[in-house]
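Novice: predicted coordinates and the sequence they were generated for:
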Amino acid sequence: MTTSVAAPEDPLLDVRDLRVAFEPGTPVLDGVDLAVRAGEVLGVIGETGSGKTTLARAVVGLAPVAAGRITVDGLDRTALRGRALRDARRAGTVQYMFQDPLRSLDPDLTVLRLVGQPLAITGVPVEERRHRVLAALDLVGLDHALADRRPAQLSGGQRQRVALARAIVTRPRLLLADEPVSALDASSRNHVLRLLDELRGELGLAVVLISHDLDSLAGVADRLAVLYRGRVVESGPTDAVLRSPLHPYTALLAASAPGGGPARHAELAVLRSAATRPPAASGCAFAHRCPFADAACAPRPEFRTPAADRAAACHHAPDWRTRLAA
Ligand SMILES: Nc1ncnc2c1ncn2[C@@H]1O[C@H](COP(=O)(O)OP(=O)(O)OP(=O)(O)O)[C@@H](O)[C@H]1O
C-alpha cells in the first residue's frame, strides 16, 4: 500500500512500506512510504504521538523495524547488521538532530568538543577536527568565541545552532531534524529555518524536517508528508497541499493554522463536527473522526492526482469538498 509520492529523480532517502512496532500487533508506523531527493526539504507534520520521531529514529537504526525497507543513497539500511551497520553509522552520512538540544548535548563538554564528537568517532585527527568544527560553526553563523563555552552558557537559539553544527560537521547526505525550532522564540525560529534552507543548497543535503507546527514547515519545506496514527495520509508539494488539501485531516490541520480566514473557519466547523467513534482496526485511519466517513472507507484508501505528484489516503479525496459546500 502506497500513500506517498516518490520524488521524480532517484531519491536519496527512500522509505517503503515501513512498519515499526514496539509491541507485537500494535504498529506505531503502519506502511509508511516517503522519498526525499538531495537538496530537498521534506516536511513531516502530524499531531503528538503520530509517529514522527519514530520515523526518524527508524531511519537512523534506533527503532525496531518490523517490515519494509529504508534505503539511503542506494544502500538498504534495514539489511545492515554487525560491522556493516557500525561502519554505516560511523560514516556520518545520515545525521539525526534530536528534539531537545539541552538534553541531547552533554553539559560537561565545550562547543568545540561537542561539535567535534562525530568526527572523533570516525578517527579524524585533532588538528583537522578543530579546523572542521570551526568551519561548521561558520556555516551555522556561530562566533568562534563560543567554542570554549558549555551548553548552559548558551542561549536556546545558540544551542540549536550547536546541534545543527554537530549534525553537519560530517558533511552528511541526509539530515533528520526533529522539531528543531519548537523551543525557540519567533526570531530564532526563523533564523534556524533559514539556515536549514541555505544548508540544503550549499551542502546538497536532503532534509527531513519534523514538526507539529505547520507554520514552521510552510516557508521551508518543498514537499509535505502528513502523518496520522502512523500512516502518511497525504503527501505532495507544500503549496498545493496547504492550498487545497486532499485529505480531510490535512484540511483540519490547515484550517486550524493561524491566518486561515473566514472560509477556513467555516470548513473547520464542519471538519470538527464529526462525532468521534472508536477507531476501526482496518480501513481509513481517520474515519473515526471524519464527517465524510461511510461504508466506502472500510478498505484501506489510496488516491493519486492524475499528475501523480500528490497522494492522499482518502476514498473521498475527489468529492468531499463538494459535500462541504452543499
Ligand atoms: N520506545 C518506545 N516504546 C514503546 N512505545 C513507544 C516508544 N517510542 C515511542 N512510542 C510510542 O509510539 C507512538 C509514536 O511516538 P512518537 O514519539 O514517534 O510520536 P511523535 O509524533 O514524534 O510525537 P511528539 O510530537 O509528541 O514528539 C506513541 O504512542 C509513543 O508512545
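Specialist: Arrived safely.
Novice: which stretches of the stretch 1-150 of the chain form strands?
Specialist: Here the stretch 1-150 of the chain has its strands, by DSSP state E, counting those that start in this stretch, at 13-23, 26-36, 41-45, 65-72, 75-76, 94-97.
Novice: spell out whether the fourth one and the ligand are in contact.
Specialist: Read that as strand 65-72. No - judged by C-beta under 6 Å from any ligand atom, strand 65-72 and the ligand are separated, with a smallest distance of 12.9 Å. C-betas here are computed from N, CA, C, even on glycine.
Novice: for that strand, packing partners?
Specialist: Judged by 3 or more C-beta pairs under 8 Å, 6 or more residues apart in numbering; DSSP states H and E, strand 65-72 is in contact with strand 13-23, strand 26-36, helix 52-59.
Novice: mind doing that once more with 7 Å?
Specialist: strand 13-23, helix 52-59 (3 or more C-beta pairs under 7 Å, 6 or more residues apart in numbering; DSSP states H and E).
Novice: tell me the angle of the longest helix seen in the chain relative to strand 41-45?
Specialist: Longest helix in the chain by number of residues, with DSSP state H as the criterion: helix 186-203. Interaxial angle of helix 186-203 relative to strand 41-45 (axes from the mean of the first three to the mean of the last three C-alpha atoms, to 10 degrees): 140 degrees.
Novice: which of the residues in helix 186-203 are buried?
Specialist: For helix 186-203, burial by neighbour count (16 or more other C-beta atoms under 10 Å) applies to 188-189, 191-193, 195-197, 199-200, 203.
Novice: Throw the helices and strands packed on strand 65-72 into TSV and include mean pLDDT, distance to the ligand and mean neighbour count, thanks.
Specialist: Shown next, in TSV, are the helices and strands packed on strand 65-72 (pLDDT from 0 to 100; distance: least, C-beta to the nearest ligand atom, whole Å; neighbours: other C-beta atoms under 10 Å):
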stretch	mean pLDDT	distance to the ligand	mean neighbour count
strand 13-23	95	3	19
helix 52-59	95	3	23
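Novice: as TSV, those with distance to residue 80 would be great.
Specialist: Below are those laid out as TSV (distance: least, C-beta to C-beta, whole Å):
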stretch	distance to residue 80
strand 13-23	15
helix 52-59	12
